[in-house]
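the following comprises the amino acid sequence and a computationally predicted model.
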Amino acid sequence: MHLLPEASWLQFNRRVLLQTERPDFPLLERMRFLAIWNRNLDEFFAARIAKPFWERRGSQDHRALLEEAYAQARLAYQRYQALLEEARPHLQVLEPQDLDEEDWLYFRVYLAEVVAPRTDLIPWEAASDLSHGALYFASEAYLVRLPQDLPRLLSVPGRDGTYVRLGALMRARSDLFLPEPSPLYELRVLRLLESERARADWDELAQSLEGRQEGVATLLVAEEGFPEAWLEQLRQTLELIPEEVLLLPPPLNLTLVERLVAEGPKEWRFHPLKPERPRAFLKKPLAHLERKDLLLYHPFADYAAVERFAQEALSPEVKEVWATLYRIGEENPLAEALIQAARAGKKVHVLLEGRARFDELLNLQWYLRFLRAGVEVLPLPERKVHAKALLLLTHKGKGYAHLGTGNYNPQNGRLYTDFSLFTGRQELVREVHAFFQALWASHPGEGFPPQGPGPKDLPLQPPLALSLLRTGEAIRNLLVEEITKEAHPKGRVILKFNHLTDPAVLKALVQAAEAGARVDLLVRSTLTLLHPAFRAKSLVGRFLEHARVAAFRGEGDWRVYLTSADAMPRNFQSRFELLFPILDKEGKKRVLRVLKRQIRDDRNSFLLTPKGEEVLWGGHHDAHRW
């Protein structure tokens with residue numbers, strides 16, 4: 001059974017929404033999943049729907065995507081109401097008519113002095129320019145834009161745990177925002193936010209981002225009861241087909257529950273995780289790696305180990321540092337360590353990916369910080385760099401590397417499941433260094449690769465002549481080769497990805513499964529082929545499944561690989577990714593132990609079959625509990 005990638009991803013987002021119904025999750029955590037679902041759906045219409053929108057707009061496939069999104073949105077509103085009912089009286093969201101006169105003493109002034117001066121009044125003639133994701137109200141003569149910098153939920157003074165929606169207050173006092181009082185109707189517009197430029201270096205990035213908000217509209221969400229004539233005028237102005245208009249009860253953006261999650265009772269949240277701490281490594285990372293590799297599984301093993309390794313850049317024995325950075329967040333101890341190392345006179349080279357979708361502005365800020373601290377920021381290559389690698393080179397000609405499946409982001413490192421490999425194996429370190437030098441050398445005229453331990457005279461373009469690491473299409477080739485080896489009754493394949501859509505990999509999996517091999521697929525989000533012989537499941541639970549793993553049992557001796565890449569054509573063809581082997585026996589055992597726990601999981605799982613999905617909750621095997 002074949003699925004469109006977009007349809008498969010929407011099914012994943014439905015699984016996210018279903019987490020709001022889990023009886024074993026605390027109330028605020030279920031609310032958090034409601035907000036995650038909403039953000040995901042916004043991203044879907046801002047980016048993921050691009051191909052069906054441009055190539056098959058109005059087709060049966062495109063309409064089916066819209067119908068599924070509409071069905072999820074209706075269910076999300078029901079879940080919102082149910083969660084609020086469960087939260088009463090400790091947490092409650094009131095309507096304006098539920099406020100008493102004392103409450104209005106405050107909110108009248110707040111609306112007049114804080115909200116009204118920041119509110120835009122827009123003529124209907126400008127409706128084609130409505131911003132992506134912003135919240136608007138429509139009146140007969142004007143459109144009113146809610147201030148983006150104000151919270152959507154306002155706490156009611158003196159009434160703990162009690163809130164009111166800003167939009168509802170504005171509707172109740174439309175006289176403060178319009179020349180004369182008028183009914184107001186809520187709406188949002190979602191637009192494609194892809195940059196027009198396939199490649200933009202740092203000096204071009206700002207210009208590229210400036211034009212991104214001009215994307216075409218993909219969805220209009222309006223509240224039920226919206227006047228039909230106004231709705232039709234908006235639809236035609238935005239050049240939407242009728243199916244691209246959704247009518248829902250307000251609130252139209254359920255991410256507002258994030259405030260309830262942040263301020264609600266602590267006992268309604270998960271108990272804090274107490275991660276394993278590799279004490280010997282944390283004390284002296286490089287000395288530890290002289291003896292053996294270290295394989296960690298975050299967040300069950302402390303992500304602080306990654307930051308501690310980066311701090312070794314300040315060690316007197318380290319002279320040079322290389323790093324790839326993708327989504328690193330607003331505050332980042334690892335990035336700060338690199339800045340400190342550069343200021344201390346170390347050679348620090350960073351490939352900071354400026355085109356990480358929706359993180360471009362934040363990364364532009366880091367680019368300037370790195371540049372002004374003396375960090376050499378490599379020019380952006382044609383391909384996006386999605387590999388996760390950090391390399392320390394010493395004065396004595398040795399090297400130590402961290403390779404991971406996740407981003408160097410301190411928040412995500414404590415919320416996403418990811419693997420980290422720390423190694424001092426010089427055969428692996430040399431290839432990591434070769435990878436970085438090839439990134440440098442892919443820019444003729446930018447200078448020569450700096451001297452240091454590792455191979456020289458590398459080819460300017462991938463694929464690299466590597467024996468342990470793989471990048472680009474060499475990752476696909478290795479996966480297909482390894483799967484093909486297992487195409488027999490005693491064969492065993494375990495693949496764990498966020499997305500598995502590559503036709504060549506899927507074809508090899510079908511051939512292996514039909515030859516009698518056991519094929520276990522752990523695919524969080526997108527799986528475009530469901531075969532009766534596959535054992536496929538998606539894990540959705542407390543932690544975001546983010547690790548990418550491939551394991552093959554050849555005559556009882558497991559071969560285990562970790563990678564930054566999902567098994568998608570674009571990742572093999574237009575990105576610099578890294579796939580690396582686990583050579584340490586203890587590390588292999590740890591990875592296989594994680595995979596087998598997830599295969600057995602019956603608390604966070606959805607079986608994916610050609611006949612549909614089966615929910616596995618309430619069992620005894622919880623892969624998100626260590």
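The structure has been received and is ready for your questions.

now do Asp149: how many residues are near it, please.
Residues lying near Asp149 (other Cβ atoms under 10 Å) number 6. Quick note: C-beta positions are derived from backbone N, CA and C, even for glycine.

and His90, by the same measure?
The local packing count at His90 equals 13, with neighbours defined by other Cβ under 10 Å.

and if you look at Leu616?
Close neighbours of Leu616, defined as other Cβ under 10 Å, add up to 16.

now the strands for the stretch 101-250 of the chain?
Taking DSSP state E, counting those that start in this stretch as the criterion, the stretch 101-250 of the chain contains strands spanning 120-123, 135-138, 142-145, 153-155, 162-165, 185-191, 217-223, 245-248.

for the ones you listed, give me JSON lines that also has mean pLDDT.
Output for these, formatted as JSON lines (pLDDT from 0 to 100):
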{"stretch": "strand 120-123", "mean pLDDT": "94"}
{"stretch": "strand 135-138", "mean pLDDT": "97"}
{"stretch": "strand 142-145", "mean pLDDT": "96"}
{"stretch": "strand 153-155", "mean pLDDT": "97"}
{"stretch": "strand 162-165", "mean pLDDT": "98"}
{"stretch": "strand 185-191", "mean pLDDT": "97"}
{"stretch": "strand 217-223", "mean pLDDT": "98"}
{"stretch": "strand 245-248", "mean pLDDT": "98"}
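
nearest to Glu113, out of those?
The stretch from the strands of the stretch 101-250 of the chain with the least distance to Glu113 (Cβ to Cβ) is strand 153-155; that distance is 13.7 Å.

sheet partners, orientation included, of the strand or helix carrying Phe552?
In the assignment (DSSP states H and E), Phe552 maps to strand 549-554. Looking at strand 549-554 with DSSP bridges, its partner strands are strand 492-500 (antiparallel), strand 557-563 (antiparallel).

for stretch 269-281, which outside residues touch it?
25-26, 28-29, 261, 288-289, 294, 296, 298-305, 308, 414, 422, 542, 626 (Cβ atoms under 8 Å, 6 or more residues apart in numbering).

chain center to it, what's the gap?
23 Å (Cα atoms, centre = their mean, to the nearest Å).

tell me how far the ends of it are from each other?
From the first residue to the last, stretch 269-281 extends over 31 Å; the measure is Cα to Cα, to the nearest Å.

that one: which residues count as buried?
275, 278, 281 (16 or more other Cβ atoms under 10 Å).

would you list the phi and psi of the last one?
For Phe281, the backbone dihedrals (degrees, to the nearest 10) come out as phi -70, psi -50.

what of the second one?
Summarising the backbone geometry of Pro278 under the convention degrees, to the nearest 10, its torsions are phi -80, psi 90.

give me the residues contacting stretch 335-348.
Identification of contacts with stretch 335-348 by Cβ under 8 Å, 6+ apart yields 307, 310-311, 313-314, 318-321, 323, 325, 328, 350, 366, 369-370, 373-376, 408, 450.

try stretch 171-181
96-97, 108, 111-112, 115-116, 119, 121, 137, 139, 141-142, 144, 170, 182-184, 186.

pretty sure Val93 sits against Val164.
Yes: in this structure Val93 lies within contact range of Val164 using Cβ atoms under 8 Å: 6.8 Å.

joint contacts of these two?
Counting by Cβ under 8 Å, 6+ apart, the residues touching both Val93 and Val164 are Leu153.

buried residues in stretch 24-34, which are they?
Taking 16+ other Cβ under 10 Å as the basis for neighbour counts, the residues of stretch 24-34 that come out buried are 25-34.

could you export that stretch as PDB, CA atoms only?
Output for stretch 24-34, consisting of C-alpha atoms alone and laid out as PDB, is shown next (Å, rounded to 0.1, in the frame of the first residue of the first chain):
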ATOM      1  CA  ASP A  24      -1.600   7.700  31.700                       C
ATOM      2  CA  PHE A  25      -0.500  11.200  30.800                       C
ATOM      3  CA  PRO A  26      -0.900  14.200  33.200                       C
ATOM      4  CA  LEU A  27      -3.400  16.800  32.200                       C
ATOM      5  CA  LEU A  28      -0.900  19.600  31.300                       C
ATOM      6  CA  GLU A  29       1.100  17.200  29.200                       C
ATOM      7  CA  ARG A  30      -2.000  16.300  27.200                       C
ATOM      8  CA  MET A  31      -2.600  20.000  26.700                       C
ATOM      9  CA  ARG A  32       1.000  20.400  25.500                       C
ATOM     10  CA  PHE A  33       0.300  17.800  22.800                       C
ATOM     11  CA  LEU A  34      -2.700  19.900  21.700                       C
END
